[in-house]
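Trainee: need coordinates for the following:
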Amino acid sequence: MDIEIIETEDGSHTLFSKTFNEIYHSRRGAIEESRHVFIDAGLKHLLDHKTELTILEVGFGTGLNALLTALEVHNSSHKINYFGVEPFPVPATVVEQLNYQQLIDQPSAADLYKGLHECPWNEWQTVTDNFQLYKAQTTIEVLFTQHTLENIPTFDLVYFDAFAPSKHPEIWTLEVLQGIRQHLALGAMLVTYCAKGQFKRDLKAAGFELESLPGPHFKREMTRGIAI
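Mentor: Next up, the predicted model:
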């Protein structure tokens, strides 16, 4: 997959996929968007109530969401089991050029980011004492049929960070959302930058209660679903 590095408005890098003609994060700020949508609107809400969380990320991509998640619980009593789905892994030569660890003011960021990307695919790996990672090299559409059941846990939180519905519509379907819902705990959350009407209708039909939240400063709205 042909990709190029782009600097977003908050100074952090993102990638542009020439294959999908789509950007991985918002041009207005990659780190800012990830923190707002996935960490602040998702992870932090659940950390107040649970000491151990199992997270599904649809679109592991650059690993930015995984890095921010690992840093959020670093040196805490919380434990994270992180299951990232990505059919097109970013080449190591590209990852090495991304600047997240330089912009995130935490001394452990560089080592954590390197560790996330050095983990082999399709098996659970220990990144830190409280962060376990499974990177599934597949698509979310076939995840539940191509992976053995013991490799698919019950999830407490979903980061739905796939390419936009206009670019990769097969990911944003009722069938995919129903498959995800079957592997969610009651009260689990799904957070995404997307606020399209059809997606929200499908999310509701799949068994979620919807919340429309303010998006990052550059976007009017984002979506959070609660599994019911």
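
Trainee: mind listing the helices for the protein?
Mentor: Ranges of helices in the chain, per DSSP state H, are 30-34, 44-47, 64-73, 92-95, 100-103, 109-118, 143-146, 174-181, 197-205.

Trainee: out of those, flag the one nearest Val58.
Mentor: Nearest to Val58 among the helices of the chain is helix 174-181 (7.9 Å), distances taken as Cβ to Cβ. In short, each C-beta sits where N, CA and C put it, glycine included.

Trainee: which of the helices of the chain sits closest to Lys18?
Mentor: Nearest to Lys18 among the helices of the chain is helix 92-95 (12.9 Å), distances taken as Cβ to Cβ.

Trainee: ok now the closest one, how far from the chain's centre?
Mentor: Distance of helix 92-95 from the chain centroid (Cα atoms, centre = their mean, to the nearest Å) equals 19 Å.

Trainee: just stretch 90-103 next, same as before
Mentor: 17 Å.

Trainee: check which residues of it are buried.
Mentor: Val90, Val95, Leu98, Tyr100, Gln101 (16 or more other Cβ atoms under 10 Å).

Trainee: again, but for stretch 175-191
Mentor: Val176, Leu177, Gly179, Ile180, Arg181, His183, Leu184, Ala188, Met189, Leu190, Val191.

Trainee: circling back: let me have the helices of the chain in JSON lines, adding distance to Leu15 and mean pLDDT as columns.
Mentor: JSON lines is the format used below for those (distance: least, Cβ to Cβ, whole Å; pLDDT from 0 to 100):
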{"stretch": "helix 30-34", "distance to Leu15": "9", "mean pLDDT": "96"}
{"stretch": "helix 44-47", "distance to Leu15": "26", "mean pLDDT": "95"}
{"stretch": "helix 64-73", "distance to Leu15": "10", "mean pLDDT": "98"}
{"stretch": "helix 92-95", "distance to Leu15": "7", "mean pLDDT": "96"}
{"stretch": "helix 100-103", "distance to Leu15": "12", "mean pLDDT": "94"}
{"stretch": "helix 109-118", "distance to Leu15": "14", "mean pLDDT": "96"}
{"stretch": "helix 143-146", "distance to Leu15": "22", "mean pLDDT": "73"}
{"stretch": "helix 174-181", "distance to Leu15": "23", "mean pLDDT": "94"}
{"stretch": "helix 197-205", "distance to Leu15": "23", "mean pLDDT": "97"}
